[in-house]
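J.: Quick one, structure for this:
(chains A, B, C and D)
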Number of protein chains: 2
Amino acid sequence: MKPSNQLTAFLKSENEWLPSLSIDCVIFGFHNGELKVLLLKYHNVDALALPGGFVRQEESIDEAAGRILLERTGMADIYLEQFHIFGQKDRQNHLFNKTIIEAQGILLPAGHWFIRRYVSVGYYALVEFSKVVPAPDYLSDSIDWYDVQALPPLLLDHRQIIQKALDTLRTLLAHNPAGFSRRAAPLLPETFTMADLQQLYETILGQKLLRTNFQRKMLSLEVLERVDKKWTGGAHKAPYLYRFTPHP
Amino acid sequence: MKPSNQLTAFLKSENEWLPSLSIDCVIFGFHNGELKVLLLKYHNVDALALPGGFVRQEESIDEAAGRILLERTGMADIYLEQFHIFGQKDRQNHLFNKTIIEAQGILLPAGHWFIRRYVSVGYYALVEFSKVVPAPDYLSDSIDWYDVQALPPLLLDHRQIIQKALDTLRTLLAHNPAGFSRRAAPLLPETFTMADLQQLYETILGQKLLRTNFQRKMLSLEVLERVDKKWTGGAHKAPYLYRFTPHP
DNA sequence: AACTATTGTATCATAATGATACAATATTCA
DNA sequence: TGAATATTGTATCATTATGATACAATAGTT
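T.: Below you'll find the model as predicted:
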């Protein structure tokens, strides 16, 4: 099926979708000590965008978020959490959508929901970087990880959406480190050192932490278990490896 | 204008509204040591409901929440904050809406957005009980305050929406008491005693607090200023009155 | 075997919190 | 008028959490 045919089929199935409502997913990964976010490039659009989509009539918005992520990235069974609704009146997504479909040579009737204003629900997830094999779908040219500290120009209010997701992460981490640890588990490999974990915290919080106190705090949360194997490599004492205890 | 005419006009102005999206407002008040929530009773519907409404094409969802609150309750300039989106597929609001309009003798075409599924954005606000003069509008028979501890049967998932709003309040209060105090200021009269404030906290948190430590904590937040006047009445030492310092 | 970088833990000071004690005082009532 | 009572404001102690520093342990390098 050609791209434009898929798009045409999507636009024709008007009654299967909830108008006015879209979902954008902020997918965080962690690699080489950098916090990454998954972005894609739509055909004929310069700015990069968050993986997004629409809600079907017969699915909940949580289910829609999972399906959209699966379609755009191939990742299944990812736990997503809503964090904010973006409903400014000047989002102007309709202008952007018009660009997309006109580039495909499609003409829509003036009142079609796809080229009217809609509001977007932000969902975030923390995933294991290495397990993701980003594959562009029929809508996009490319999909890749980008360092949160150095984001490229983004579509619409997507930079603001990422910022809000980051704020949500920071708040969670600061006020509920145990809850954060459970959700953040996928960001790190199965086993990891305390230094790895600290680097993750420092990246998200945007500040340095005292190593000794960080270790004391993490161990007191009782969400980590020490694996008796040790790491090899550096010219110094070998650190323990830890894993997150399965949540009780 | 007769009720059914207003409703008819509303339903005919299909293009002025965002389909699929509604807003529900959880308005908290505090009176006689009880946390109250504002509920209304729609015509021909038994269960009580949160004041709610829809979003116009040319307004942001924040603006819509303010306008809806004004229309349903007469309260202007209330600071509302979004806290969650409710998008289960079994909300079944369309069935409820069908009941409402059929009771008014109105027939809608099958695909009309008003009798299709929509998701709802929850907003909450904390207001001064005594300043609200609840007045039912053309949609409702009555509007009144209800004790959060003893809610009547509610429409759809409105009980769950109130619960989530309460959870949000509790989290805010527990993790950011200074921020909560600023937002909670309208719940209390201009000046109040420390005991009043403590009762508010205990009601929201659902647990007793130690008086002496509560006082120490509140004073340390530097959001209160002591008014030199004193209260009269009881057969005991007169407490100081406090007011919230205007946020800096 | 000495050296180096890093790790794990102990320990100190300081701040925040939980719990108790008690003086101060506005009213009531003998 | 003055003792009794209920409540308030503050002090104080113990306990816990946090910030900061010190130091022994150790895997590699030289």
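
J.: drop to CA atoms for contacts and neighbour counts, all remaining ones
T.: OK.

J.: A:Leu39 - how many residues pack around it?
T.: The number of residues packed around A:Leu39, counting by other Cα atoms under 10 Å in any protein chain shown, is 24.

J.: Quick check, it in contact with A:Gly52.
T.: No - using Cα atoms under 8 Å, A:Leu39 and A:Gly52 do not qualify as a contacting pair, with a distance of 10.0 Å.

J.: sec struct for A:Ser182, please.
T.: No Ser there; residue A:182 is Arg. On the three-state scheme (DSSP: H, G, I helix; E, B strand; the rest coil), A:Arg182 is labelled helix.

J.: tell me the contacts of the residue most central in space within chain A?
T.: If you average the C-alpha coordinates of chain A and look for the closest C-alpha using Cα atoms, centre = their mean, you land on A:Ile27, 1.3 Å from that point. For A:Ile27, the contacting residues are A:Val37, A:Leu38, A:Tyr124, A:Ala125, A:Leu126, A:Val127, taking Cα atoms under 8 Å, 6 or more residues apart in numbering or on different chains as the criterion.

J.: And the second one, how far from chain B?
T.: To chain B, A:Leu38 is 24 Å away according to Cα to the nearest Cα, to the nearest Å.

J.: part of a helix, is that residue?
T.: No - counting by three-state DSSP, one finds A:Leu38 to be strand, located in no helix.

J.: Just the buried residues of the lengthiest helix in chain A, please?
T.: Determined from DSSP state H, the single longest helix within chain A is helix A:158-175. For helix A:158-175, burial by neighbour count (16 or more other Cα atoms under 10 Å in any protein chain shown) applies to A:His158, A:Arg159, A:Ile161, A:Ile162, A:Lys164, A:Ala165, A:Leu166, A:Leu169, A:Arg170, A:Leu172, A:Leu173.

J.: Spatially nearest residue to A:Asn93 (excluding sequence neighbours)?
T.: Spatially, and ignoring its direct neighbours in sequence, A:Asn93 is nearest to A:Arg117 (6.3 Å; Cα to Cα, 6 or more residues apart in numbering or on different chains).

J.: And A:Ser181, by the same measure?
T.: The shortest distance from A:Ser181 to any non-neighbouring residue, by Cα to Cα, 6+ apart, is to A:Val223 (7.4 Å).

J.: Now that that neighbour has come up, it's in contact with A:Ala178, right?
T.: Yes - taking Cα under 8 Å as the contact criterion, A:Val223 and A:Ala178 are neighbours in contact, 6.8 Å apart.

J.: Next one: the nearest residue to A:Pro177 once chain neighbours are set aside from DNA strand C, what distance?
T.: Closest residue to A:Pro177 apart from its sequence neighbours, by Cα to Cα, 6+ apart: A:Leu221 at 8.0 Å. With the distance defined as Cα to the nearest atom of the strand, to the nearest Å, A:Leu221 ends up 13 Å from DNA strand C.

J.: I'd say A:Leu221 and A:Ala178 touch.
T.: Yes - contact between A:Leu221 and A:Ala178 holds when scored by Cα under 8 Å: they sit 6.3 Å apart.

J.: the more surrounded of the two?
T.: Neighbour count, other Cα under 10 Å: between A:Leu221 and A:Ala178, A:Ala178 has more, with 19 against 11.

J.: A:Lys237 belongs to a strand, doesn't it?
T.: No - following the definition three-state DSSP, A:Lys237 is coil and is not counted among the residues of a strand.

J.: Please name the residues that touch the residue nearest to A:Ser181.
T.: Contact criterion Cα under 8 Å, 6+ apart gives A:Ala178, A:Ser181, A:Arg182, A:Phe244, A:Thr245, A:His247 as the residues in contact with A:Val223.

J.: Phi and psi next, for the spatially closest residue to the fourth one that is not a sequence neighbour.
T.: Take A:Phe244 and drop its neighbours on the chain: the residue closest to it by Cα to Cα, 6+ apart is A:Leu224, 4.6 Å away. Main-chain dihedrals, A:Leu224, degrees, to the nearest 10: phi -110, psi 150.

J.: Give me every residue in chain A lying close to DNA strand C.
T.: By the criterion of Cα under 7 Å from any atom of the strand, the positions of chain A lying close to DNA strand C are A:193-195, A:212-213, A:215-216, A:234-241.

J.: Give me the buried entries from the residues you listed.
T.: Neighbour counting by 16+ other Cα under 10 Å classes A:Thr193, A:Met194, A:Tyr240, A:Leu241 among the residues of chain A next to DNA strand C as buried.
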